[in-house]
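Undergrad: Compute the structure for the input listed below.
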Amino acid sequence: YESAYEGQLWQLYDARKKRLAVGDAFPDHYKITLAKGDYTVLLQVRHENMAMLEKLTQSVLLIERPLKDNITLEVHSRAPVTGGGKLTELVVNKGSPACFYVSFAGAEPASAVAGDSLTGKLTLVDTPLKK
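TA: I've put the predicted structure just below:
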């Protein structure tokens, strides 16, 4: 496979140092369900050039998890912190860019912490919604 690095291997351990899972460069191949607790991830990366390895020292570990409860989002014409108005409709002409901002409708979930990201799907319709 094509990679800037010669190899990578991760290992997941629980608090008792029991190895729970092992994986490589293909994150979509691994789905792990864990109980609440403390875990350690060890990552081994191989490359002959030390400078390439040093580029990884500030890397971030991405952990994806499903939402505990449904959330409601609002769409705004400008950043909500600047008082951007809530949109009920957004018309975008073919070939024209559109900019909008998404925020929580109300308080963010109690489980959200600094650094969390919300990802998902956005579906756009090409005909007006019927009321």
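Undergrad: what sits against residue 92?
TA: Residue 92 sits next to residue 98 when contact means CB atoms under 8 Å, 6 or more residues apart in numbering. Using the backbone N, CA and C atoms, a C-beta is placed for each residue, glycine as well.
Undergrad: Could you measure from it over to residue 54?
TA: 44 Å (CB to CB, to the nearest Å).
Undergrad: can you pull out the strands in the protein?
TA: Secondary structure of the chain (DSSP state E): strands located at 7-14, 19-23, 39-46, 73-76, 101-104.
Undergrad: would a markdown table of the ones you listed with mean pLDDT, distance to residue 120 and mean neighbour count be doable?
TA: Output for these, formatted as a markdown table (pLDDT from 0 to 100; distance: least, CB to CB, whole Å; neighbours: other CB atoms under 10 Å):
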| stretch | mean pLDDT | distance to residue 120 | mean neighbour count |
| --- | --- | --- | --- |
| strand 7-14 | 93 | 25 | 14 |
| strand 19-23 | 95 | 24 | 13 |
| strand 39-46 | 94 | 25 | 12 |
| strand 73-76 | 86 | 9 | 14 |
| strand 101-104 | 84 | 10 | 14 |
